[in-house]
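**Student:** Please find the sequence and the predicted model below.
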Amino acid sequence: MAEKDKGFSFRKMFFRDVAGPVQPETEKKTSPVAAANQTDFISPGLPSSGSGAADQSLVEDFVNRLQKLIDSNNQPGFDFLEFTESLFEEKQNPDKEVYKTVYRIAQKIDKSLTASRLLDSSRYYKDLVQNTADSEISKGLAKKQGLQGEKDTERNNLDSGLQQTRAKIQELSRQIQDLQNQEITLNGQLMAIDQKYDARFNDIDKKVSAIRDAKEQVISSIVDIESGIKSNLS
């Protein structure tokens with residue numbers, strides 16, 4: 001089983017129809033680091049809208065990025081990725097016999113291969129996805145917090161300017177008409193500030209949610225294969 005492009009045969013493992021999110025296992029043995037020059041998940045991306053289809057497009061986009069991250073961090077030798085690819089080459093929904101058959105063939109290629117080694121490498125990729133996605137979610141939340149700070153500052157500045165203007169109106173009767181015009185302008189800016197920031201908040205929220213969904217789908221897929229290894233090979 002020579003090494004192949006895992007992107008196509010591995011794709012169905014990550015794009016899944018699930019009723020709800022699956023909680024990943026908490027066990028961690030290693031803390032892999034994402035590949036250098038990794039694309040920023042939060043800043044670029046697909047355009048967002050209010051439709052559910054756009055949200056699903058974001059999830060698929062982030063699943064693809066996580067899949068590429070896994071492929072680019074493929075460990076040397078025959079490990080969890082090669083084992084999983086071989087399973088799906090044999091059968092779309094591999095059963096116990098397929099697990100055992102692929103395992104026997106794999107052991108002929110790598111006589112030192114064990115179920116324990118497969119599970120160790122699966123944890124490596126699971127931790128890689130978990131750590132990368134969590135890091136990107138943290139970036140998104142930090143970016144949202146910074147944006148909230150910008151909004152608060154601008155709101156406070158506008159509110160302060162509005163209060164000063166009102167005071168001037170009361171104090172300077174001869175300038176009342178000009179100051180009233182300034183008041184109207186500042187009020188309009190203050191009333192429009194939510195609309196100004198809402199679209200940007202919504203975009204970040206959708207991308208953070210999409211990363212979470214993509215992470216859960218990929219982790220869930222890895223956990224499924226782990227369960228198969230544990231029940232069929234251990």
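**Tutor:** Perfect, thanks for sending it. A quick note: this is a predicted structure, and the numbers were derived from the prediction, not measured. Numbers count the residues shown, from 1 in each chain.

**Student:** what helix or strand is the one residue sitting closest to the centre of the chain on?
**Tutor:** By CA atoms, centre = their mean, the chain has its centre lying nearest to Ile211, at 2.0 Å. Using DSSP states H and E, Ile211 sits within helix 176-232.

**Student:** And Gln92, by the same measure?
**Tutor:** Counting by DSSP H and E, Gln92 is found in no helix or strand.

**Student:** next one: phi and psi at it?
**Tutor:** Per-residue torsions, Gln92: phi -60, psi -40 (degrees, to the nearest 10).

**Student:** Could you do the one 10 residues further on as well?
**Tutor:** Val102 has phi and psi values of phi -60, psi -40 when expressed as degrees, to the nearest 10.

**Student:** So what's the residue count around it?
**Tutor:** Around Val102 there are 24 other residues, counting by other CB atoms under 10 Å. Heads up, the C-betas are built off the backbone N, CA and C, glycines and all.

**Student:** cool, the one 5 residues further on as well?
**Tutor:** Counted by other CB under 10 Å, the residues lying close to Gln107 total 13.

**Student:** I figured it hits Leu118, correct?
**Tutor:** No: applying CB atoms under 8 Å, one finds Gln107 not in contact with Leu118, separated by 10.8 Å.

**Student:** hang on, the earlier thing: can you give the distance of the helix holding Ile211 from its chain's centre?
**Tutor:** 13 Å (CA atoms, centre = their mean, to the nearest Å).

**Student:** and the angle from the helix or strand Thr153 falls within to helix 176-232?
**Tutor:** Element membership of Thr153 [criterion: DSSP H and E] is helix 115-171. Helix 115-171 runs at 170 degrees relative to helix 176-232, counting by axes from the mean of the first three to the mean of the last three CA atoms, to 10 degrees.

**Student:** helices and strands around helix 115-171, which ones?
**Tutor:** The contact analysis (3 or more CB pairs under 8 Å, 6 or more residues apart in numbering; DSSP states H and E) places helix 115-171 against helix 52-72, helix 80-90, helix 176-232.

**Student:** Restricting the selection to alpha carbons, write stretch 55-74 to CSV.
**Tutor:** The C-alpha trace of stretch 55-74 is given here as CSV (Å, rounded to 0.1, in the frame of the first residue of the first chain):
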residue,chain,number,x,y,z
ASP,A,55,-22.8,28.7,7.7
GLN,A,56,-22.4,25.1,6.3
SER,A,57,-20.0,26.5,3.7
LEU,A,58,-17.9,27.9,6.5
VAL,A,59,-17.9,24.6,8.3
GLU,A,60,-16.9,22.7,5.1
ASP,A,61,-14.1,25.3,4.5
PHE,A,62,-12.7,24.9,8.0
VAL,A,63,-13.0,21.1,7.8
ASN,A,64,-11.0,21.2,4.5
ARG,A,65,-8.3,23.4,6.3
LEU,A,66,-8.2,21.0,9.2
GLN,A,67,-7.9,18.1,6.8
LYS,A,68,-5.0,19.8,5.0
LEU,A,69,-3.4,20.5,8.4
ILE,A,70,-3.6,16.8,9.3
ASP,A,71,-2.1,15.8,5.9
SER,A,72,0.7,18.3,6.2
ASN,A,73,1.6,16.9,9.6
ASN,A,74,1.5,13.2,8.5
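
**Student:** Noted, bye for now.
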